[in-house]
Each structure stands twice: as C-alpha cells, then as structure tokens.
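Visitor: predicted model, plus sequence, below.
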Amino acid sequence: MKEKVLSSVKSGKYGARLPLVGAEGYVNQIGGWIDYLLAEEILFSHRTNDYTPDNFPEDLHAHDYFELTVCGGGEQMQYVADKRQLLIRPGTAVLSKPMAIHMFRACDAVRYDRYVLYFKSVPQIFADAALFDCLQKGDGICAFFGLAEERILSHLVKAEQALTEADSPYAATRALLHLCNVFLLLSESSPSDAEHIASATPEFVREIKEYIDGNFIHIRSVAELADIFFYSREHLTRSFHRYYNTPLYEYILRRKLVYCCSLLKDGMSVEQAAAEAGFHNHSSFVKAFRKIKGCTPSEYQAGCGPRKTE
C-alpha cells in the first residue's frame with residue numbers, strides 16, 4: 001500500500017504528513033480525514049463526511065487491492081458491486097475484493113461515518129493466515145458481515161486512538177494488534193445479506209448496468225444502448241449518472257479496462273488483451289488506459305507504473 005500512498009502524495013491528494021513513530025500519517029486535503037500507513041501493507045482511516053446525493057464524490061471504480069469498510073453511525077448507504085445493489089445499515093462490514101467494480105452512494109443527505117482498511121494480501125505482520133479466512137468468503141466479488149455487536153467497532157476506535165499518540169514508540173504495534181482482532185472477529189463470522197434490503201434504484205437503470213456488465217466487450221457506444229433499450233441517449237446518460245455518479249460511456253470504458261488489466265496480469269500481450277477486452281483502436285486504448293490507470297499498459301503489466309485508483 002506504500003505505492004498507493006506515494007501516488008496520492010504525487011497527485012496532491014495528501015497535504016501534511018503527521019509525525020508518527022512506526023507508522024506514516026497523511027491528511028487528505030479533499031475530505032479532511034487522516035490515512036495511516038502501517039507496516040507499508042495496510043492503509044487505515046476513519047472518515048466522517050456530510051454527503052448528499054449531489055455532492056457525494058464516490059463513483060463506480062475498481063482497484064487491485066482489498067477494501068474493508070465498516071459503517072459506523074449515521075443513516076443507510078447504498079452499496080453497489082456488479083449485480084449487488086443493497087442498502088447497508090450502520091454496523092455492517094463490507095469487503096470489496098480486488099478488481100471488483102463497486103461504490104458506496106448516499107441515497108439521502110447523510111453523515112457518512114466509516115472505518116476503511118486497504119490491503120493487497122495477507123500482511124506479513126500477521127503470522128496466522130487463518131485470521132484472513134474472511135477474504136475467501138462471499139460470492140467472489142464482495143462479502144457482507146452483519147455484525148450485531150460493538151466489539152469490532154471498539155477495536156477500530158482503539159486502533160485509531162493508539163495512532164493519535166504520536167510520541168508513543170508502540171502506537172503502531174498497538175494499532176496493528178487491534179486490527180488483528182478485527183480480522184479475527186470477521187473470520188469467525190459468516191457473510192450474510194439478512195439485514196440488507198433491496199436498492200431503490202429504478203429497475204430500468206439496473207437493467208442497463210446489468211446489460212453492460214454482461215456485454216461490455218461488444219458495446220461500442222452509448223447510442224447502441226439507446227437503440228437496445230428504446231430510450232434517448234441523453235435520457236440513458238442522465239439516468240445512469242444520477243444513480244451511479246458515473247458517466248455512462250466512462251463506465252463501459254472502465255469495465256473494459258478492468259477486464260483488460262486482469263488479462264495483462266495473467267501474462268497476455270498488450271495487443272491481445274486490448275482486443276479481448278473490446279478495444280479496436282490501439283492509440284485510443286493506450287490514451288484511455290493512461291488517463292485512468294496513470295501509466296501505459298506495458299508499464300502496468302511490468303508492475304512499475306504509477307498506479308491510480310480507477
């Protein structure tokens with residue numbers, strides 16, 4: 001996760017760096033929260049923001065690391081991951097797996113309070129990999145843990161409190177111990193949708209997204225979708241953006257790029273991966289890849305490009 005932090009510093013996303021012992025702390029200039037980098041493998045933060053459907057900055061995106069979000073207080077948030085569109089209650093833990101296209105969205109004006117952990121794999125700091133059994137749970141895209149208890153939130157609060165003690169030489173160690181307990185509790189839980197209710201997103205908007213998810217390789221333009229669903233291109237674009245905070249054409253592009261990245265990671269050549277993902281013009285493909293990923297396809301495959309969050 002050190003790579004993600006360096007990219008955020010370079011882009012100007014982070015402002016001041018906090019003086020910590022055994023960890024790195026960075027102030028997010030946009031949201032105002034603090035991200036803590038622990039052992040260069042876990043990025044941890046507690047974020048509280050007042051959001052409305054109009055100003056909520058999150059959009060449908062994907063990245064090559066796990067994202068564990070534990071909702072604190074506040075009202076319900078909509079979580080979208082592929083065909084999963086659910087309203088998440090406070091106290092729920094949501095695990096988004098690598099390369100899953102997902103987002104949280106404010107359905108109404110809310111104070112969104114959540115703890116977030118980012119990590120690429122089982123951190124070496126934790127010797128017992130069994131604590132991470134929860135990573136294998138769920139449907140391959142995401143996992144929901146309806147935790148009707150306060151223990152997990154208590155450990156997250158204590159982890160944050162430990163990190164605020166900047167002068168303590170054991171702050172990072174104590175924080176990691178509390179986070180270890182978080183994963184232990186999750187590994188002992190079973191993913192469940194029992195406490196979730198269906199999304200209020202209009203059916204035709206969900207159908208458009210599901211069609212894209214299943215056919216993005218073959219879709220060349222928004223006009224094609226307009227013809228298939230018998231709506232104007234403007235109406236489709238406006239409706240999709242309203243409920244997913246993402247331009248319709250950009251979502252199609254991101255679906256193709258996520259698939260392309262998985263092919264590149266499997267060792268497929270850049271040219272073949274682009275063709276398999278539905279790109280028909282090499283120069284426009286490279287341009288789009290660089291814009292969203294922050295590096296060329298070849299750099300991404302080599303693992304040396306300056307990654308961006310998609």
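Guide: Great, that's in hand. Residues are numbered from 1 along each chain as shown.

Visitor: so residue 282 sits against residue 271, correct?
Guide: Yes: with contact defined as CB atoms under 8 Å, residue 282 counts as touching residue 271 (7.2 Å). Using the backbone N, CA and C atoms, a C-beta is placed for each residue, glycine as well.

Visitor: show me what contacts residue 225?
Guide: Shown in contact with residue 225 (CB atoms under 8 Å, 6 or more residues apart in numbering): 208, 211, 212, 219, 233, 236, 248.

Visitor: how about the third one: what's its closest non-neighbour residue?
Guide: What it means is residue 212. Spatial nearest neighbour of residue 212, chain neighbours left out: residue 252 (5.8 Å); criterion: CB to CB, 6 or more residues apart in numbering.

Visitor: try the fourth one
Guide: If you skip the residues right next to it in sequence, residue 219 has residue 252 as its closest partner in space, 5.4 Å away by CB to CB, 6+ apart.

Visitor: check residue 68 too.
Guide: residue 117 (4.3 Å).

Visitor: pairing partners for the helix or strand encompassing the one you found, with directions?
Guide: Per DSSP states H and E, residue 117 falls inside strand 110-119. Here strand 110-119 has these sheet partners by DSSP bridges: strand 42-51 (antiparallel), strand 66-71 (antiparallel).

Visitor: avg pLDDT for the last one?
Guide: Taken as a whole, strand 66-71 has an average pLDDT of 90.

Visitor: over to residue 266: give its phi and psi.
Guide: Backbone geometry at residue 266, expressed as degrees, to the nearest 10, gives phi -80, psi 0.

Visitor: can you show me the helices along the stretch 51-200 of the chain?
Guide: 151-163, 171-187 (DSSP state H, counting those that start in this stretch).

Visitor: residue 213 versus the residue of the chain most remote from its centre, what's the distance?
Guide: Relative to the centre of the chain, the most outlying C-alpha is that of residue 230, 32.4 Å out, by CA atoms, centre = their mean. According to CB to CB, to the nearest Å, residue 230 and residue 213 sit 20 Å apart.

Visitor: before we move on, what about residue 151?
Guide: 36 Å.

Visitor: equivalent analysis for residue 295, please.
Guide: According to CB to CB, residue 295 stands 26 Å off from residue 213.

Visitor: same check on residue 173?
Guide: Applying CB to CB to residue 173 and residue 213 gives a distance of 43 Å.

Visitor: what about these two, which has more around it?
Guide: Using other CB atoms under 10 Å as the criterion, residue 173 and residue 213 rank with residue 173 on top: 16 against 13.

Visitor: check contacts around that one.
Guide: Residue 173 neighbours (CB under 8 Å, 6+ apart): residue 22.

Visitor: per-residue pLDDT, it?
Guide: 88.

Visitor: likewise residue 41?
Guide: For residue 41, pLDDT reads 87.

Visitor: I'd say it and residue 3 touch.
Guide: No: between residue 41 and residue 3 there is no contact under CB under 8 Å: 10.9 Å.

Visitor: joint contacts of the two?
Guide: Joint contacts of residue 41 and residue 3 (CB under 8 Å, 6+ apart) do not exist.

Visitor: higher neighbour count, those two?
Guide: residue 41 (18 against 15).
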